[in-house]
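predicted model follows, preceded by the sequence.
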Amino acid sequence: MSDQMNNVYLEWLKLAEESVEKGDYETAANHVRRVAHYFMLNKDTTRFKEFTKKTGDYYLCAAEKLRDSGQHLKTVLPYIKAAQCYRENGDYASAENCGLAIRRFYTSSAKDDLIVLQGSTHALKYLGDYFRGEDELEKARECYEAAARKAVEGGKTMLAGGFYRDAGDCSSLLNDVSRAADEYALAADNYAKAEKYFEASWHYNLSGFLLISLKRFEEALFLAKKAKSASSAMGSTFVLFDRLSKVCELLGEKDYLAAEEEWQTIRRKFKKSYADLVDSCFK
């Protein structure tokens with residue numbers, strides 16, 4: 001290790017110590033995290049684990065300092081970061097203890113409706129991602145939906161589209177088809193407002209095919225037309241999406257033969273999970 005690089009990581013450690021003296025444990029954790037990444041890049045596994053644990057310890061101190069603040073969601077975030085660090089370090093018992101604290105504060109937030117009133121969109125997504133990684137999809141969906149509502153209130157339609165998409169993905173994994181269709185439609189509406197027509201067309205069609213699988217043909221036809229409008233706004237570059245919208249429209253009109261003919265000409269251009277969804281609409 002060169003003297004110059006040695007001085008860099010020592011400076012990060014010095015900054016971390018100064019932050020600890022001020023009681024700013026989260027900033028200290030961020031500095032030590034950089035040291036851990038430095039050793040990871042240098043393939044020093046032993047010291048990477050050492051500083052990853054130290055990072056987790058500082059995040060845990062930050063969480064415990066906030067514990068009695070009444071800011072439930074703000075308290076949860078450093079617990080999540082601590083859990084991630086402990087898991088990377090192989091300390092699964094400490095990670096699980098953090099997980100218990102996360103669930104306790106989440107329950108308090110949901111009960112008091114603070115998850116909607118006090119949580120930033122960033123914090124809500126971070127918490128949603130944590131629960132999704134833990135395969136707690138209902139909790140993840142609640143977080144994404146709350147984040148989407150806050151994004152809409154703030155006029156951040158592109159963000160709202162992404163959050164409703166994430167919520168729809170959770171509903172799909174939960175096999176809650178009706179709710180997934182509604183959430184993908186909301187995602188598409190917000191993408192369209194943000195003039196992200198590729199994403200809008202894709203999710204209008206996705207919602208439409210899910211509705212067809214539920215035999216909600218009139219709603220599917222309405223969304224197919226919105227998908228077609230969005231794909232038209234993209235121009236000739238995305239003719240494929242226009243044809244996909246046509247398949248959805250024909251199915252919504254119950255013209256199965258024409259839909260099947262159109263679909264078979266473009267089916268191979270879509271990934272298996274999407275193709276399987278459209279195939280199921282013909283059954």
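Sure thing, it's come through.

does anything pack onto the helix ranked longest in the chain? Which helices or strands?
Ranked by number of residues, the top helix in the chain under DSSP state H is helix 45-66. Identification of packing neighbours for helix 45-66 by 3 or more Cβ pairs under 8 Å, 6 or more residues apart in numbering; DSSP states H and E yields helix 25-41, helix 72-89, helix 92-111. Every C-beta, even on glycine, is put in place using the N, C-alpha and C of the backbone.

now render those helices as JSON lines, adding distance to Leu206 and mean pLDDT.
Shown next, in JSON lines, are the helices and strands packed on helix 45-66 (distance: least, Cβ to Cβ, whole Å; pLDDT from 0 to 100):
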{"stretch": "helix 25-41", "distance to Leu206": "37", "mean pLDDT": "93"}
{"stretch": "helix 72-89", "distance to Leu206": "29", "mean pLDDT": "89"}
{"stretch": "helix 92-111", "distance to Leu206": "28", "mean pLDDT": "86"}
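
for these, which one ends up most surrounded?
helix 72-89 (a mean of 23; mean count of other Cβ atoms under 10 Å).

now the angle from that helix to helix 92-111?
Orientation note: helix 72-89 sits at an angle of 160 degrees relative to helix 92-111 (axes from the mean of the first three to the mean of the last three Cα atoms, to 10 degrees).

what is helix 72-89 packed up against?
By 3+ Cβ pairs under 8 Å, 6+ apart, helix 72-89 packs against helix 25-41, helix 45-66, helix 92-111, helix 114-117, helix 121-133.

looking at these, which is nearest to Tyr197?
helix 121-133 (22.9 Å; Cβ to Cβ).

list the buried residues for whatever helix or strand Asp276 lives in?
Assigned by DSSP states H and E, Asp276 belongs to helix 272-280. The neighbour-count check on helix 272-280 (16 or more other Cβ atoms under 10 Å) flags 274, 277-278 as buried.

for it, which outside residues touch it?
Defining contact as Cβ atoms under 8 Å, 6 or more residues apart in numbering, one finds that helix 272-280 is touched by 206, 209-210, 213, 247, 263, 267, 270.

now stretch 38-50
Stretch 38-50 is contacted from outside by 1, 5, 8-9, 12, 36, 51, 88-90, using Cβ under 8 Å, 6+ apart.

chain center to that stretch: distance?
29 Å (Cα atoms, centre = their mean, to the nearest Å).

okay, and the helix or strand of the protein with the least pLDDT?
helix 114-117 (a mean of 48; mean pLDDT, DSSP states H and E).

pLDDT averaged over the helix holding Asp276 - what is it?
Rounded to a whole number, the mean pLDDT of helix 272-280 is 82.
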